[in-house]
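1. Please find the sequence and the predicted model below.
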Amino acid sequence: MIAYLKGEVVEIEEEKLILECGNIGYNISMPASALDGTLRPGQEVKIHTHLHVREDAMQLYGFLTRDDLKMFRMLLGVSGIGPKAALGILSGLSADELRFAVLSDDVKTISRAPGVGKKTAQKMILELKDKLDLQEAFDTKTMHVQEASQTETGDLVDAKKEAVQALTALGYSGSEALRAVKQVDVTSHMNVEEILKLALKKMNF
């Protein structure tokens, strides 16, 4: 119904903000990570929104990126997780961290999120894992890193992808391969073979 709102931040509270658009103030619940110093009153911002409708109330939930909004909606599809719980999870973990944690069965990392215990983390992994793709998660993370730093060339991104694929061909799981390549201190002059050798060393620890 409302894809996004673009306007001026009027007020920031602990779990929400008021955004003025066209002389109307919208009360929007957002992850703590977005409100903790990222936004300030008077700032012009675009917020991607989800309108949650109940019999007794309507509430807008907002995110700074479409990727966060997408992950929020995926969390709502997990049995037992409502919008407040989903918002709490994305306050403790970024969308990228959550994707990699689910794909690698990392119950410990997911349990770090506010209000998430071991059983809930296990349920999330069970229900979300088939909906996520390792290569897509890697591509999305790479895109976010590039947007933040603008330092990796297309050739370097391709080399890292090929190194992950080579490790999976050697029998490692996708999540193991991805973690190993992420641990390599990759420099601009490296090729696939060099990244692969260093990643294999990480596998032995």
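-> Now that the structure is in, tell me what you want to look at. A quick note: this is a predicted structure, and the numbers were derived from the prediction, not measured. Numbering: from 1, shown residues only.
2. Poorly predicted segments of this protein, please.
-> 134-155, 173-175, 204-205 (pLDDT under 70).
3. Over to the closest residue to P83 other than its chain neighbours. Which of the three states is it?
-> In space, and not counting its chain neighbours, P83 is closest to H52: 4.9 Å by CB to CB, 6 or more residues apart in numbering. Bear in mind the C-beta positions are built from the backbone N, C-alpha and C, glycine included. Using DSSP: H, G, I helix; E, B strand; the rest coil as the criterion, the local structure at H52 reads strand.
4. Run a quick neighbour tally on H52.
-> With neighbours defined by other CB atoms under 10 Å, the count for H52 comes to 16.
5. how about it, what does it touch?
-> If you count contacts by CB atoms under 8 Å, 6 or more residues apart in numbering, H52 has them with 58-61, 83.
6. ok, of those, which one's closest to Y4?
-> Sorting the contacts of H52 by distance to Y4 puts L60 at the head of the list, at 10.7 Å, by CB to CB.
7. quick one on the thing from earlier: show me what the residue nearest to P83 is bridged to.
-> When bridges are called by DSSP bridges, H52 pairs up with Q59.
8. Show me what the host helix or strand of Y61 is packed up against.
-> Using DSSP states H and E, the element containing Y61 is strand 58-63. Counting by 3 or more CB pairs under 8 Å, 6 or more residues apart in numbering; DSSP states H and E, the packing neighbours recorded for strand 58-63 are strand 24-29, strand 44-53, helix 66-76, helix 83-92.
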